[in-house]
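J.: just a sequence and a predicted model for now, questions to come.
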Amino acid sequence: MESVSDLTHHRIKTNGIYLHVAEKKGPGPFLLLLHGFPYTWFSWHHQIRHLATHGYHVVAPDLRGYGDSDSPPSPSSYTMFHIVADLIGLLDHFNQQQVFVVGHDWGATAAWHLSLFRPDRIKGMVAMCVPFFPRDPHTKPTHFFKQSFGDNLYVSQFQEPGRAERAFAKYDCLTVIKKFLLIDKTDVMIAPPGMEIIDDLEIPSQLPPWITEEELQIYADKFQESGFTGGLNYYRAMDLTWELLAPWQGSKITVPSKFIIGDKDIGYKTFSKPYIEGNVMKTLVPDIEVVIVDGGHHFIQHEKPQEVCDEIISFIQKVAKN
């Protein structure tokens with residue numbers, strides 16, 4: 001594993017909590033990297049060094065609820081409004097008026113909403129794996145998922161406080177991490193009747209070549225310390241975010257954007273492909289470039305780090321020229 005020992009680490013007060021961030025300074029544009037579930041800032045370790053070497057000032061936080069950042073106990077503290085406010089505080093701390101932002105999974109959702117709420121602070125954004133979904137004025141997200149996929153969809157199982165935590169606790173943290181990070185199924189995660197999703201996920205007999213036991217252990221050690229509740233609370237705040245988003249009904253993302261997804265991603269066939277091919281995404285995000293990575297799964301920045309870096313750099317260079 002490449003060394004990350006030369007990064008600078010901070011705990012920064014923002015929006016009433018402390019966030020841990022990893023930083024690698026280059027002289028060029030400021031780049032904010034946002035992770036998803038169940039990851040930490042470390043999910044970007046390939047990109048941090050490469051992008052800094054190419055001149056970018058890279059900052060990757062542990063989002064609230066993760067790693068060495070504070071983890072408020074209530075699910076109501078994890079709306080996209082809380083997350084965006086945390087990020088604006090980080091930008092203010094670093095005296096950055098306008099930045100580029102890259103997000104993966106829940107980090108992509110955070111990047112979309114940061115761009116929606118505060119386009120004045122974003123030069124351009126890259127979202128990976130999770131598209132910008134329009135707000136359905138008639139149906140809460142949890143109701144949509146239940147109607148579409150039933151009670152055993154992972155999102156639905158994660159709603160009840162404590163349920164997923166109890167299911168995860170039957171395994172050691174390394175096993176839980178492996179079950180999520182090494183997913184190679186291409187369908188949406190739905191458990192069989194009477195089974196918890198964590199019990200249904202399988203670990204391959206051999207690690208794929210893009211990740212090591214040491215890297216997996218780094219995640220496991222952090223979640224051993226923090227637990228999984230902070231990350232699960234993002235799912236539990238979905239309906240509250242939906243309620244608070246009513247004033248933005250019908251709003252579009254106006255900043256230059258790029259969307260990257262692997263064609264083997266668990267959400268590609270069900271969610272993203274219809275949005276892309278039906279031009280729904282283009283309607284919601286007029287200034288967007290879509291990149292579909294052949295053979296890419298969900299944890300794409302680990303699986304195809306060079307390709308992801310190249311896409312980020314080409315996007316920033318393109319925006320800078322305009």
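T.: Yep, that arrived. Residues are numbered from 1 along each chain as shown.

J.: which other helices and strands contact the helix or strand hosting residue 45?
T.: Take DSSP states H and E as the rule and residue 45 turns out to sit in helix 45-53. Helix 45-53 sits against strand 17-24, strand 30-34, strand 57-61, helix 300-303, helix 305-321, with contacts defined as 3 or more C-beta pairs under 8 Å, 6 or more residues apart in numbering; DSSP states H and E. All C-beta atoms are positioned from the backbone trio N, CA, C, and that covers glycine.

J.: same thing but 7 Å
T.: strand 17-24, strand 57-61, helix 300-303, helix 305-321 (3 or more C-beta pairs under 7 Å, 6 or more residues apart in numbering; DSSP states H and E).

J.: and these: which comes nearest residue 123?
T.: helix 305-321 (6.1 Å; C-beta to C-beta).

J.: any idea where the strands of the stretch 101-250 of the chain begin and end?
T.: 122-128 (DSSP state E, counting those that start in this stretch).

J.: pull out the buried positions in the helix holding residue 45.
T.: Burial within helix 45-53, assessed by neighbour count using 16 or more other C-beta atoms under 10 Å, is assigned to 45, 46, 47, 48, 49, 50, 51, 52.

J.: for the last one, give me its contacts.
T.: So that's residue 52. 24, 25, 26, 58 (C-beta atoms under 7 Å, 6 or more residues apart in numbering).

J.: setting the sequence-adjacent residues aside, check what's closest to it.
T.: residue 24 (3.8 Å; C-beta to C-beta, 6 or more residues apart in numbering).

J.: quick one: the helices in the stretch 201-322 of the chain?
T.: 213-226, 229-236, 238-244, 273-277, 280-284, 300-303, 305-321 (DSSP state H, counting those that start in this stretch).

J.: what bridges to residue 153?
T.: Beta-bridge pairing for residue 153 (DSSP bridges): residue 190.

J.: that one touches residue 145, doesn't it?
T.: Yes. Using C-beta atoms under 7 Å, residue 153 is in contact with residue 145, at 5.4 Å.

J.: what about the residue nearest to residue 52, how many neighbours?
T.: Other residues within reach of residue 24, judged by other C-beta atoms under 10 Å, total 22.

J.: same thing with residue 35?
T.: Each residue near residue 35 was counted by other C-beta under 10 Å, and the total is 26.

J.: and it, what's its pLDDT?
T.: Note on residue 35: pLDDT of 98.

J.: in contact with it, which residues?
T.: Going by C-beta under 7 Å, 6+ apart, the list of residues near residue 35 reads 41, 43, 44, 63, 104, 107.

J.: what's the nearest residue to residue 111 if we skip its chain neighbours?
T.: Going by C-beta to C-beta, 6+ apart, residue 111 has residue 103 as its nearest residue, at 3.2 Å.

J.: from residue 291, how far out is the one you found?
T.: 15 Å (C-beta to C-beta, to the nearest Å).

J.: who's more crowded, those two?
T.: residue 103 (27 against 17).

J.: need the helices of the stretch 201-322 of the chain in TSV (columns: distance to residue 266 and mean neighbour count).
T.: As requested, those are arranged in TSV below (distance: least, C-beta to C-beta, whole Å; neighbours: other C-beta atoms under 10 Å):
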stretch	distance to residue 266	mean neighbour count
helix 213-226	18	16
helix 229-236	15	23
helix 238-244	18	17
helix 273-277	12	15
helix 280-284	18	16
helix 300-303	11	24
helix 305-321	18	16
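
J.: lowest mean pLDDT across those helices, which one is that?
T.: helix 273-277 (a mean of 87).

J.: can you count the residues close to the closest residue to residue 200 other than its chain neighbours?
T.: Distances taken as C-beta to C-beta, 6+ apart put residue 191 closest to residue 200, at 4.5 Å, once the chain neighbours are dropped. Neighbour count for residue 191, taken as other C-beta under 10 Å: 20.
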